[in-house]
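K.L.:
Return a 3D structure for these sequence lines:
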Amino acid sequence: MTSRKQEKFEMILDAAEKVIAENGFHGSQVSKIAKEAGVADGTIYLYFKKKEDILISLFEDRLGKLVALFNANIQESNTAAEALHKVCEIHFTQLEQNVALAYVTQIELRQSSLELRKAIGLSVKPYIQLIEHILKRGMEEQSFRADLDTKLTRQLIFGAMDEVVTSWLISGRKYSLSAQVNGTVDFFLRGLR
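P.N.:
So this is what the prediction gives:
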């Protein structure tokens, strides 16, 4: 994609993130997304075949950037416990700073059709694999229990972080999400050691 096309693609995704967070996926017409992006309705269809493709691309883009951020930051971690703390910190901080993305990732994923959830699930897979990698690293370091079922444990960790974010949103964001990092990671580490 040329830089101009990439810029317009990003504008559409940014607009979609905002519109879907405010109206829900089903209440977000392509025309609302186009208006928010400052483009003609037809321009949307130059980049996406249908509205579902916008949501899938939004997840791919945003979660891809999040996983890249995790990977860049955990390289500096000396231990698996530090890496897990960094992942949780980034997860909570990024979603606290981008409430629209938090709503889209937490609420829309659960309300979409099975077919859409499967497509979005492919975007989540690298994140789940990253958590599994951290668990295996901890087992190799002998700082995590050797009998961990990494497939189950990665789901429990991801699910717990996911629920903390969802509860924060449902509460009306009455407290700091990023302030939940230490308690969350402490809980994880007690079960992992």
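K.L.:
which residues of the protein fall in strands?
P.N.:
Using DSSP state E, no strands are found in the chain.
K.L.:
Can you find the helix or strand in it with the smallest mean pLDDT?
P.N.:
helix 109-111 (a mean of 68; mean pLDDT, DSSP states H and E).
K.L.:
any idea which residue sits dead centre in the chain?
P.N.:
For the chain, the residue sitting closest to the mean C-alpha position, by Cα atoms, centre = their mean, is Leu63 at 4.7 Å.
K.L.:
Nearest spatial neighbour of that residue, chain-adjacent residues omitted?
P.N.:
In this structure, Leu63 finds its nearest non-sequential neighbour in Ser123, 4.6 Å apart by Cβ to Cβ, 6 or more residues apart in numbering. Glycine gets a C-beta too; all of them are placed from N, C-alpha and C.
K.L.:
Isn't the one you found up against Leu58?
P.N.:
No. With contact defined as Cβ atoms under 8 Å, Ser123 does not reach Leu58; the gap is 9.1 Å.
K.L.:
what's the neighbour count on Phe70?
P.N.:
22 (other Cβ atoms under 10 Å).
K.L.:
Nearest residue to it in space, ignoring adjacent ones along the chain?
P.N.:
Nearest-residue entry for Phe70: Val87, 5.3 Å, with adjacent residues in sequence omitted and distances by Cβ to Cβ, 6+ apart.
K.L.:
what about stretch 16-35, start to end distance?
P.N.:
Between the start and the finish of stretch 16-35 there is a gap of 10 Å, counting by Cα to Cα, to the nearest Å.
K.L.:
Who are the contact partners of Ser176?
P.N.:
Ser176 makes contact with Glu96 under the criterion Cβ atoms under 8 Å, 6 or more residues apart in numbering.
K.L.:
Next, give phi and psi for it.
P.N.:
When read as degrees, to the nearest 10, the backbone of Ser176 gives phi -80, psi 120.
K.L.:
Distance-wise, check it relative to Trp168.
P.N.:
Noted for Ser176: a distance of 9 Å to Trp168, by Cβ to Cβ, to the nearest Å.
K.L.:
what do the two both touch?
P.N.:
Shared contacts of Ser176 and Trp168 (Cβ under 8 Å, 6+ apart): Glu96.
K.L.:
count of neighbours near the closest residue in space to Tyr47 that isn't next to it in sequence?
P.N.:
Closest residue in space to Tyr47, ignoring its immediate chain neighbours: Phe9 at 5.6 Å, by Cβ to Cβ, 6+ apart. Neighbours of Phe9 under the rule other Cβ under 10 Å: 17.
K.L.:
What of Leu116?
P.N.:
Neighbours of Leu116 under the rule other Cβ under 10 Å: 18.
K.L.:
do Ala68 as well
P.N.:
11.
K.L.:
Read off the pLDDT value for it.
P.N.:
On the pLDDT scale, Ala68 is placed at 92.
K.L.:
Alright, calling it a day.
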